[in-house]
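Peer 1: below are the sequence and a predicted model for it; my questions follow.
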Amino acid sequence: MPSPSQPIISAHELGLRWDTIDPFLFCVHHDDRYPQGNEGLGPDASLAGRDIGQDFAGKDGWRMYHGSTVPGFPAHPHRGFETVTIVREGLIDHSDSLGATARFGGGDVQWLTAGRGIVHAEMFPLLQRDRPNRLELFQIWLNLPASHKMVAPHFKMFWSEQVPHHPFQDAAGARTVVTSIAGRVRGATGPEAPTPPPDSWASQDQADVAIWTLSMEPGARWTLPAASGKGTRRCLYFFEGQSLAVGHQLVDRHAGLELACDVDVELVNGAQAAQLLMLQGRPIAEPVAQYGPFVMNTQAEIQQAFADYQRSRFGGWPWPDEAPVHGVQPRRFATHPDGRCERLQMQNTTQE
């Protein structure tokens, strides 16, 4: 029986794609150490030996994914769930069938409700031509309940300036910083996380969804508070650091840990700085039928999704190519489907 001293329910190893628990579908941790860029915003390096269009091997510490010139994911469809993309370092160029575009990174978050159908491209421009271009991000797939799978698509940006970072200091002075993309952090002061899209499972009060990243200094202690919702489940991903004590259980390798939610759990970091991600939520508890980019409740709905996409392309693709990138300027921006523009540079925000 899990307890504050023995809170780990299960553990699993971490790869590129991380296992998750309902209401999350999966999480991918991209950490690519790209070389300096070329004039086309791709890698200034030979692409020989790579399976261009399907390059996931990690040769030389980086991947082209489905890109041929610029790394990334050219236009592809989704239906029936949401993507939450947290960029820790580097940049993403986004374009979609709603007419939205964006360049974001360095702590920015994009929350995209696919709903009844959206097509988008996610390209990774390598702007630095005199030094390496690291790209580190999480993309989290959050399910939608059957009642919301066919809602209108929704595009939303959480700029790094809007995402709260909550510092906690233990008795010895060591700090833990909790960054909240979703969910209130008990004991924290200051602003709450931005509001998720209106039809998200995370917008339902009873869903108890939390998406947090934790940065712990060497030797830091911090108590992860119990979840507020009955039936909530959570997984803590220890992906950087040497060791971590979770209650009285020592974790000495990087792992995903399902934890008991109904108790406070003390985390004690080891001798190196640690980075963690926490995903929490009340399960939707419905059947999941998934095939590639579509997540529905039945195989018949999956077949319908393919038929709808072949017929309508979910509204079409308004851009001149399948892998748009947004120029050489190192600014962040978003153009929303309603025409509203946000432009950010040097951590300052202006809206037009």
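Peer 2: It's in.
Peer 1: going forward, measure contacts between C-alpha atoms and count neighbours the same way
Peer 2: OK.
Peer 1: helices of this structure, start to end?
Peer 2: Using DSSP state H, the helices of the chain run over residues 299-312.
Peer 1: would you map the strands across the stretch 51-200 of the chain?
Peer 2: For the stretch 51-200 of the chain, the strands defined by DSSP state E, counting those that start in this stretch occupy 72-78, 81-89, 91-96, 101-105, 109-113, 118-123, 133-143, 154-158, 165-169, 175-182.
Peer 1: next, the angle from the first one to strand 91-96.
Peer 2: In this case it means strand 72-78. When axes from the mean of the first three to the mean of the last three C-alpha atoms, to 10 degrees is applied, the directions of strand 72-78 and strand 91-96 differ by 30 degrees.
Peer 1: for residue 22, what are phi and psi?
Peer 2: The phi/psi pair for residue 22 (degrees, to the nearest 10) reads phi -50, psi 130.
Peer 1: burial measure for it, as a count.
Peer 2: By other C-alpha atoms under 10 Å, the residues close to residue 22 number 20.
Peer 1: re the thing from before, would you turn the strands of the stretch 51-200 of the chain into JSON lines with mean neighbour count?
Peer 2: Shown next, in JSON lines, are these (neighbours: other C-alpha atoms under 10 Å):
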{"stretch": "strand 72-78", "mean neighbour count": "21"}
{"stretch": "strand 81-89", "mean neighbour count": "22"}
{"stretch": "strand 91-96", "mean neighbour count": "26"}
{"stretch": "strand 101-105", "mean neighbour count": "25"}
{"stretch": "strand 109-113", "mean neighbour count": "24"}
{"stretch": "strand 118-123", "mean neighbour count": "24"}
{"stretch": "strand 133-143", "mean neighbour count": "22"}
{"stretch": "strand 154-158", "mean neighbour count": "19"}
{"stretch": "strand 165-169", "mean neighbour count": "18"}
{"stretch": "strand 175-182", "mean neighbour count": "22"}
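Peer 1: dump these into JSON lines; add distance to residue 64 and mean pLDDT as well.
Peer 2: JSON lines is the format used below for the strands of the stretch 51-200 of the chain (distance: least, C-alpha to C-alpha, whole Å; pLDDT from 0 to 100):
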{"stretch": "strand 72-78", "distance to residue 64": "6", "mean pLDDT": "98"}
{"stretch": "strand 81-89", "distance to residue 64": "17", "mean pLDDT": "98"}
{"stretch": "strand 91-96", "distance to residue 64": "13", "mean pLDDT": "98"}
{"stretch": "strand 101-105", "distance to residue 64": "18", "mean pLDDT": "98"}
{"stretch": "strand 109-113", "distance to residue 64": "21", "mean pLDDT": "98"}
{"stretch": "strand 118-123", "distance to residue 64": "10", "mean pLDDT": "98"}
{"stretch": "strand 133-143", "distance to residue 64": "12", "mean pLDDT": "98"}
{"stretch": "strand 154-158", "distance to residue 64": "25", "mean pLDDT": "98"}
{"stretch": "strand 165-169", "distance to residue 64": "32", "mean pLDDT": "97"}
{"stretch": "strand 175-182", "distance to residue 64": "28", "mean pLDDT": "98"}
